[in-house]
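*Asks:* With the input below, show me the fold.
(4 chains)
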2 protein chains.
Amino acid sequence: MSKPEKFKITHKGESEECIECQDKEFCDEVCIHFDAVAKAKSKMPELDTLFSLAELFKMFGDTTRIRIMCALFENELCVCDLAEILGMGQSAVSHQLRLLRTANLVKVRREGKSSFYSLDDEHIQKIYTMGLEHILEERK
Amino acid sequence: MSKPEKFKITHKGESEECIECQDKEFCDEVCIHFDAVAKAKSKMPELDTLFSLAELFKMFGDTTRIRIMCALFENELCVCDLAEILGMGQSAVSHQLRLLRTANLVKVRREGKSSFYSLDDEHIQKIYTMGLEHILEERK
DNA sequence: ATAACATATGAACATATATTCATATGTTGG
DNA sequence: CCAACATATGAATATATGTTCATATGTTAT
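*Replies:* Numbering: from 1, shown residues only, chains lettered A, B, ... in the order given. The predicted structure is shown next:
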């Protein structure tokens, strides 16, 4: 037997050969379930879509930002209001609002000296609600 | 006029006085819309609930973990399979799987030398789908 | 125009997080 | 038991992120 630099295939799946190198016995990888891997790979969205998705959820992945969005479910609020609600400094809140604005999760309405923030669309509440359901179900 | 250390209330809302200090003209804070703030505060869930929620979304807020979950939509997969799909090292994948396991987003099934991972419940797909809808709608 | 206010933002700092490397644990076949 | 394999994990490192401080920008009232 030759091919000393390759490994013996331990899991081949239905096709009984490596889909990468078309080899029936040896391959660069071991322990690969080729069919399952191929299926998963084919159904996977573009990498930049998944990157955007991660960026979106990252916005929900911070307690301060979650609290901001949660507060905005009720009314539109200005930066001072949010700072008061969260018990945090104006600057910290403003920085987080900038992130939420950049991610198109909140929108601003200027009125005199104040900036009033509100949620951009209903998807945000849906995502939030879905997450909350999961949490509450987990606690049972 | 006394109360030099307090600020004049610039926004009082319907109640026309500060709900905190019951003062009609001066308060420790400025630019607070008292009614809106009170409403938001009263509807806000417990802080630890929002913390858990942030922890949950944090799991979705990383491209590697999103890709792992996405791959597991199709079939259960072992660590090697996931490493192959993601084009990453076994250790990196294993570390992320540990996080997902701790957060109860994936479960493991041991079979011989391999560990097969799968999604814990349908909430995960719902959250993922809701996020994806938001992304795609945004791109229009 | 100037002062007071509301917000935004750059820089600095501390903390959190993801990946890699090395190694430990656990399983199977000879 | 031993070797090969699959996975898990601790430590180290690099990077990302959140908050604070100081300050800039923009608005309103006098």
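
*Asks:* where exactly do the helices run in chain A?
*Replies:* A:34-43, A:47-60, A:63-72, A:79-86, A:90-102, A:122-139 (DSSP state H).

*Asks:* near DNA strand D at all, the shortest one?
*Replies:* No - shown here: helix A:79-86 not in contact with DNA strand D (Cβ under 7 Å from any atom of the strand), separated by at least 8.3 Å. C-beta: built from backbone N, CA, C; applies to glycine.

*Asks:* Packing partners of that helix?
*Replies:* Counting by 3 or more Cβ pairs under 8 Å, 6 or more residues apart in numbering or on different chains; DSSP states H and E, the packing neighbours recorded for helix A:79-86 are helix A:63-72, helix A:90-102, strand A:114-119, helix B:34-43.

*Asks:* Show me the contact partners of that helix.
*Replies:* When contacts are defined by Cβ atoms under 8 Å, 6 or more residues apart in numbering or on different chains, helix A:79-86 is touched by residues A:64, A:67-68, A:71, A:77, A:89-90, A:92-94, A:97, A:114-115, A:117, B:29-33, B:36-37, B:40-41, B:44.

*Asks:* redo that, cut-off 6 Å
*Replies:* Residues lying outside helix A:79-86 but in contact with it, judged by Cβ atoms under 6 Å, 6 or more residues apart in numbering or on different chains, are A:67, A:68, A:71, A:90, A:93, A:94, B:31, B:32, B:33, B:37, B:40, B:41.

*Asks:* what sits against the second one?
*Replies:* Residues in contact with residue A:68, defined by Cβ under 6 Å, 6+ apart, are residue A:82.

*Asks:* ok, it to DNA strand D distance?
*Replies:* 10 Å (Cβ to the nearest atom of the strand, to the nearest Å).

*Asks:* now the last one
*Replies:* Per Cβ to the nearest atom of the strand, residue B:41 is found 18 Å from DNA strand D.

*Asks:* cool, and the fifth one?
*Replies:* When distances are taken as Cβ to the nearest atom of the strand, residue A:93 and DNA strand D turn out to be 8 Å apart.

*Asks:* What is the burial count for that residue?
*Replies:* Neighbour count for residue A:93, taken as other Cβ atoms under 10 Å in any protein chain shown: 23.

*Asks:* So for it, what's the pLDDT?
*Replies:* In the predicted model, residue A:93 carries a pLDDT score of 98.

*Asks:* Same question for residue A:98.
*Replies:* Looking at residue A:98, its pLDDT stands at 98.

*Asks:* In contact with it, which residues?
*Replies:* For residue A:98, the set of contacting residues under the criterion of Cβ under 6 Å, 6+ apart is empty.
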